[in-house]
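>>> Here you go, sequence then predicted model.
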Amino acid sequence: MLANADLNVREQLRGFTPIDTAVQGEWVECLQLLIDSGRVHLDAPASDGITPLQRALSRENIECIEMLLKAGAIDQDAKVQLRLDELKEEAKNNPPRARRRPMRGPPTLRDEERQPGGSVDCRIN
């Protein structure tokens with residue numbers, strides 16, 4: 001699926017790239033596939049001026065924040081790590097709160113797709 005695709009193309013409605021959509025929808029498996037491709041611009045802002053890292057932070061998604069930082073996303077405000085530490089502390093001290101529902105049609109991986117060489121369909125249904 002990713003072999004020849006432009007992974008930085010912007011959709012017209014919000015100017016989101018696939019990585020913005022994965023973060024907004026909290027689609028961790030798709031986000032990891034995009035990062036692993038090595039062909040996404042981690043710090044490119046969408047048309048609203050928000051980078052994928054800032055979007056993950058606004059959604060308080062610890063897993064997405066950590067993935068983006070590990071992949072080399074730049075903490076432009078130098079506040080992300082501080083807020084990440086706060087979120088982790090809150091998660092430790094409080095029962096899990098209800099997460100926002102993911103965007104419609106969250107992608108899932110079947111067992112055969114989890115194997116090396118498998119693919120995942122990250123398109124919105």
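That came in fine, so what should we check first?

>>> In this structure Phe16 contacts Ile50, no?
No: if you go by Cβ atoms under 8 Å, Phe16 and Ile50 don't touch, sitting 9.8 Å apart. Quick note: C-beta positions are derived from backbone N, CA and C, even for glycine.

>>> So which of the two has more stuff around it?
Phe16 (22 against 18; other Cβ atoms under 10 Å).

>>> pLDDT score for the more buried one?
According to the prediction, Phe16 has pLDDT 92.

>>> Low-confidence regions, this structure specifically.
1-3, 95-125 (pLDDT under 70).

>>> That one: helices as residue ranges?
Assigned by DSSP state H, the chain shows helices spanning 18-24, 28-37, 52-58, 62-71, 80-93.

>>> and the closest residue to Gln76 other than its chain neighbours, how far is that from Ile74?
Nearest residue to Gln76, sequence neighbours excluded (Cβ to Cβ, 6 or more residues apart in numbering): Thr51, at 6.9 Å. For Thr51, the distance to Ile74 equals 8 Å [Cβ to Cβ, to the nearest Å].

>>> Neighbour count for these two, which is higher?
Neighbour count, other Cβ under 10 Å: between Thr51 and Ile74, Thr51 has more, with 24 against 13.

>>> Would you confirm that the more buried one contacts Ala44?
Yes: using Cβ under 8 Å, Thr51 is in contact with Ala44, at 7.0 Å.

>>> returning to what we had before: show me the common contact partners of Thr51 and Ile74, please.
42-43 (Cβ atoms under 8 Å, 6 or more residues apart in numbering).

>>> Please work out how many residues are found near Asp6.
9.

>>> Ok, Lys70 next?
For Lys70, using other Cβ under 10 Å, the count is 9.

>>> ok, now which ones touch it?
No contacts exist for Lys70 under Cβ under 8 Å, 6+ apart.
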